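Engineer: sequence unknown, structure follows:
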Ligand SMILES: Nc1ncnc2c1ncn2[C@@H]1O[C@H](COP(=O)(O)OP(=O)(O)OP(=O)(O)O)[C@@H](O)[C@H]1O
Ligand SMILES: [Mg+2]
């Protein structure tokens, strides 16, 4: 029975990568995400915007089951990636997370060298057959995250010794190195200067050709620049979801309009 | 005035100073504290401290110096022929001090007046009167001693009087000077903070100086020992056979071997079990299980080591002998290195596990999230991210356990015995450095013979070894540290 339904979904919406319906998240008694339905398309950049504390990070973390590590968090509803229920008991969260990579809101480099930070994922997943290949992956990832030039001479220095913005890009490089199909980025440019920001935005655009990217951002301009789809969250509700152009030029909901014009948030 | 009352008076003065300083500071700005350089309490504290500190300093120095001065004065006044045959000036001075304090007590109890003391002669039976109040003198009082004791008492009471006056004057002066300087622009906070910093520094110095003192005293006694016993025989001798009639073999090798062997077995038990249980508790266990299990493990640390020793002697030792040593033909000794090592290992588990658990739990969750978010398994995350980040603390915990193992005595005496032996067989009785330190210093001892002094050399060696362990650990940690913010 289950299988036929899967096939149906797959044929009718084959460009949908992630589909969530009726998602509720509770932190103890705090109802942080209220009945969210959303369909995230493949090979698309989707932006999540909304005021601080509205649940953007929480929802993002549901998509690769990172909320499993929070004791008090409880998730209800149905989230499917490629038609497969990711909260099914048969699903291995480890495999899921290899497929759905994540850049966290707070840069969290490992207390290892810059090289080892980036090589960590590829080593675990056996993506490189030898040292030369690993070196290549590391270099390519660092280049894509626009930090190669700054660190190429000190790859053995500690990742935690970098500046905040450098750490942020190191974490992006680390996430890119494992070749995820979906990349979830939680405010990846919050500590970056305009030049690094535009380089990361270029990376996001480039990733779009093969993957789908979800980005949380507080910058309306950034959302407008990089995304094709935008979702506006407010107090745990998904208020409006649609094409980025439409959201920014012609929002349907009053709250969306107030937020993007700077009146709530 | 007794010192106790002087201190009470000083504290009272300080309290008054605090209130006045605070009040004057406030009145200098018409009650508006925002115009002051520092918060009003700092002005008060400044006055209080300048009343207290100079006075306390005077007291401390005076109490230390006065007895020395009086001693020289009084003993200088005792004529050389007043010292009986076979006695020394020091012994006579002891009598003088004892008599002086006896008289003091008599007077305090109202059984004698100051006048009577001045008129006292050796004919009056001073000894009996002191005996009545339970103050026993060794012999009858001789006139020179009585005179000296009287002089002693006068000097002491004048000294005390001057001390009281000087301390109080210092306090009042400090109080007045500081109070007169209370002003809105005075940097009272900086002053008070300076004093606090000095106090903290002094505490640190006390700790360091104590260590230095202990080491130096051991060092001097050890040098004494090496004058009487060749240093190479001590460090390279493989025989430990003290003999109080002289001619002992005092080689440290068998003792060091025993210490290392037992500690090694103990750590082989404690480190894996402790570390694994720490990892389980901090990474896998449910909150409820952890809340119950952690205190239970820590109970192990609260058991006195003598109880562990009894356990080793009565349970573990015989069991190892009956089920392992004898069937395997490795001897039939009830006390053995294995017994002491196993039991000591159990004792050390909580040291390793409890500390490591705290340290592993302190590794930020974001670190684990980062690894899990890249698709690492929980085991990979623990092995490659969490443990390396917690390594310095874990090494510290293991080191603490190692020092405990090296210094442990009770379990060794009861578990492994007190026979110094150099053997590879873990089922033989051996002993450690600490046990021998105890046995060399107990019983009838003469603190000049090498058999006793060797204890200090043993202690010093042990100290150097633990110090070396600490240094090695420090280097290891520096090298492999992965520091998170
Ligand atoms: N680990 C947690 N435990 C308990 N409550 C949490 C936790 N994380 C988030 N919350 C709560 O969930 C709600 C949504 O938080 P979330 O982090 O998703 O907001 P956000 O939209 O990402 O905000 P920001 O833009 O500031 O990052 C908040 O009310 C927050 O207090
Ligand atoms: Mg967030």
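Structural biologist: Looks like it arrived, so ask away. Just so it is clear, the structure is predicted and the values come from calculations on it, not from any experiment. Ligands and ions are numbered 1, 2, ... in the order given.
Engineer: From here on, just use CA atoms for contacts and neighbour counts.
Structural biologist: OK.
Engineer: where does the stretch 51-200 of chain A come near ligand 1, residue by residue?
Structural biologist: Within the stretch 51-200 of chain A, the positions near ligand 1 by CA under 6 Å from any ligand atom are A:52, A:53, A:54, A:55, A:56, A:57, A:58.
Engineer: wait, the second one sits on residue A:235?
Structural biologist: Yes - with contact defined as CA atoms under 8 Å, residue A:53 reaches residue A:235; the gap is 7.4 Å.
Engineer: Show me which of those two is the more surrounded one.
Structural biologist: A count of neighbours by other CA atoms under 10 Å in any protein chain shown puts residue A:235 above the other of residue A:53 and residue A:235, at 17 against 14.
Engineer: ok, now which ones touch the more buried one?
Structural biologist: Shown in contact with residue A:235 (CA atoms under 8 Å, 6 or more residues apart in numbering or on different chains): A:32, A:33, A:53, A:54, A:55.
Engineer: and the stretch 1-150 of chain A, which of its residues are near chain B?
Structural biologist: Proximity of the stretch 1-150 of chain A to chain B, by CA under 8 Å from any CA of the partner chain, involves residues A:64, A:66, A:69, A:93-99, A:101-102, A:104, A:108-112, A:121, A:124.
Engineer: Show only the entries of the residues you listed found in strands.
Structural biologist: A:101, A:102 (DSSP state E).
Engineer: Just the buried ones out of the residues of the stretch 1-150 of chain A next to chain B, please.
Structural biologist: Neighbour counting with 16 or more other CA atoms under 10 Å in any protein chain shown marks A:64, A:66, A:93-94, A:96-99, A:101-102, A:104, A:108-112, A:121, A:124 as buried within the residues of the stretch 1-150 of chain A next to chain B.
Engineer: Show me the residue at the heart of the chain, geometrically.
Structural biologist: I'll assume chain A. Centroid-nearest residue in chain A, with CA atoms, centre = their mean: residue A:184, separated by 0.9 Å.
Engineer: hmm, I had chain B in mind actually
Structural biologist: Nearest to the mean C-alpha position of chain B, by CA atoms, centre = their mean, lies residue B:210 at 7.8 Å.
Engineer: tell me the phi and psi of it?
Structural biologist: Torsion angles at residue B:210 (phi, psi; degrees, to the nearest 10) stand at phi -60, psi -50.
Engineer: now the helices: where do they sit in the stretch 101-250 of chain A?
Structural biologist: Using DSSP state H, counting those that start in this stretch, the helices found in the stretch 101-250 of chain A span residues A:114-124, A:131-144, A:148-151, A:164-177, A:194-207, A:220-226, A:244-249.
Engineer: Nearest to residue B:198, out of those helices?
Structural biologist: Closest approach to residue B:198 among the helices of the stretch 101-250 of chain A is made by helix A:164-177 (37.3 Å; CA to CA).
Engineer: so what secondary structure elements neighbour that closest one?
Structural biologist: Applying 3 or more CA pairs under 8 Å, 6 or more residues apart in numbering or on different chains; DSSP states H and E, one finds that helix A:164-177 contacts strand A:100-103, helix A:114-124, helix A:131-144.
Engineer: Buried ones among the contacts of residue A:235?
Structural biologist: With burial judged by 16+ other CA under 10 Å, the buried subset of these is A:32, A:33, A:54, A:55.
Engineer: In strands, which of those appear?
Structural biologist: The members of the buried ones among the contacts of residue A:235 that map onto strands under DSSP E are A:32, A:33.
Engineer: Who does residue A:158 form a beta bridge with?
Structural biologist: Here residue A:158 shows beta-bridge partners residue A:113, assigned using DSSP bridges.
Engineer: out of the helices of the stretch 101-250 of chain A, deepest packed?
Structural biologist: Stretch with highest mean neighbour count among the helices of the stretch 101-250 of chain A: helix A:164-177 (a mean of 26; mean count of other CA atoms under 10 Å in any protein chain shown).
Engineer: can you redo the contacts of residue A:235 as JSON lines with distance to residue B:366 and pLDDT?
Structural biologist: What follows is these, written out as JSON lines (distance: CA to CA, whole Å; pLDDT from 0 to 100):
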{"residue": "A:32", "distance to residue B:366": "20", "pLDDT": "95"}
{"residue": "A:33", "distance to residue B:366": "22", "pLDDT": "95"}
{"residue": "A:53", "distance to residue B:366": "19", "pLDDT": "93"}
{"residue": "A:54", "distance to residue B:366": "21", "pLDDT": "94"}
{"residue": "A:55", "distance to residue B:366": "18", "pLDDT": "94"}
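Engineer: Strands of the stretch 101-250 of chain B, start to end?
Structural biologist: Using DSSP state E, counting those that start in this stretch, the strands found in the stretch 101-250 of chain B span residues B:240-241, B:249-250.
Engineer: Would you tell me which one of those strands is buried the most?
Structural biologist: For the strands of the stretch 101-250 of chain B, the largest average neighbour count (mean count of other CA under 10 Å) is found in strand B:249-250, namely a mean of 20.
Engineer: ok now that strand, how far from the chain's centre?
Structural biologist: Put simply, strand B:249-250 sits 30 Å off its chain's centre (CA atoms, centre = their mean, to the nearest Å).
Engineer: shaky segments in the chain?
Structural biologist: Going with chain A. Within chain A, the stretches falling below the threshold (pLDDT under 70) are A:1-14, A:264-265.
Engineer: I was after chain B.
Structural biologist: For chain B, residues meeting the criterion pLDDT under 70 lie at B:1, B:123-124, B:444-445, B:480-485.
Engineer: residue in it nearest to chain A?
Structural biologist: Here chain B gets closest to chain A at one residue, residue B:375, 4.2 Å apart by CA to the nearest CA.
Engineer: Surely that residue touches residue A:102?
Structural biologist: No - in terms of CA under 8 Å, residue B:375 does not count as a neighbour of residue A:102; the distance is 9.7 Å.
Engineer: separation between the closest residue in space to residue A:65 that isn't next to it in sequence and residue A:110?
Structural biologist: Leaving aside its chain neighbours, residue A:65 sits nearest to residue A:93 (6.7 Å; criterion: CA to CA, 6 or more residues apart in numbering or on different chains). To residue A:110, residue A:93 is 21 Å away according to CA to CA, to the nearest Å.
Engineer: Is there a neighbour count for residue 42? I'd like the number.
Structural biologist: Answering for chain A, as no chain was given. 21.
Engineer: you looked at the wrong chain, it should be chain B
Structural biologist: Around residue B:42 there are 22 other residues, counting by other CA under 10 Å.
Engineer: Residue A:183 too?
Structural biologist: Neighbour tally, residue A:183, other CA under 10 Å: 26.
Engineer: tell me the contacts of it?
Structural biologist: Residues near residue A:183 by CA under 8 Å, 6+ apart: A:100, A:101, A:102, A:103, A:175, A:211, A:212, A:213, A:214.
Engineer: and the residue nearest to the second one when sequence neighbours are not counted, what are its bridge partners?
Structural biologist: Nearest in space to residue A:101, with sequence neighbours left out and distances taken as CA to CA, 6+ apart, is residue A:183 at 4.8 Å. Each beta-bridge partner of residue A:183 is listed here, defined by DSSP bridges: residue A:101, residue A:213.
Engineer: What distance do you get for residue A:44 to residue B:238?
Structural biologist: The spacing between residue A:44 and residue B:238, counted by CA to CA, is 79 Å.
Engineer: The two: who's more crowded?
Structural biologist: Ranked by neighbour count (other CA under 10 Å), residue A:44 and residue B:238 place residue A:44 first, with 25 against 19.
Engineer: And for residue 218, nearest residue in space, chain neighbours not counted?
Structural biologist: Just going to use chain A. Nearest residue to residue A:218 in three dimensions, chain neighbours excluded: residue A:49, at 6.3 Å (CA to CA, 6+ apart).
Engineer: Chain B is the one I meant
Structural biologist: The shortest distance from residue B:218 to any non-neighbouring residue, by CA to CA, 6+ apart, is to residue B:456 (5.5 Å).
Engineer: which one of the helices of the stretch 101-250 of chain A lies closest to residue B:143?
Structural biologist: Nearest of those (CA to CA): helix A:164-177, 86.5 Å.
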